[in-house]
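this one's structure only:
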């Protein structure tokens, strides 16, 4: 592979700014699988059965888009006028907040259960 192509691929410039970070990619593919496909960790599509968010992320980012980048293609936002598209950063932020809220609620439930167990044990 040509050295300049290697460097360009390494830079991640063939990806949108919002998907150049590994953790952002991970969050996006988790959102894609759990929210958009409605699965419990697996995609519902019969063509994608058995794939989880990690497999999908690797197939899309590390293989498909990387190879397309090697041929000079770049994933970028369209400039189409008159269409109200979804906002990727806002969507990912909302999903991240939802995950944090779920974690907080689970922790509070766990803490309440532990407290109840301790109180029961202390009274007996």
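Right, received. Where do you want to start? All values reported here derive from a predicted model rather than from experimental measurement.

can you map out the helices along this structure?
Remark: helices assigned in the chain by DSSP state H are 3-11, 22-31, 53-57, 66-70, 88-123.

Kindly state the pLDDT recorded for residue 30?
Confidence at residue 30, expressed as pLDDT, is 86.

ok, now how distant is it from residue 93?
14 Å (CB to CB, to the nearest Å). In short, each C-beta sits where N, CA and C put it, glycine included.

now do residue 22
As judged by CB to CB, residue 22 and residue 93 stand 17 Å apart.

from what I can see residue 91 touches residue 27, true?
No - with contact defined as CB atoms under 8 Å, residue 91 does not reach residue 27; the gap is 9.9 Å.

Among those two, which residue is more densely surrounded?
Applying other CB atoms under 10 Å to residue 91 and residue 27 shows that residue 27 carries more neighbours, namely 20 against 15.

for that one, what are its contacts?
By CB atoms under 8 Å, 6 or more residues apart in numbering, residue 27 lies in contact with 92, 95-96.

Cool, thanks, talk later.
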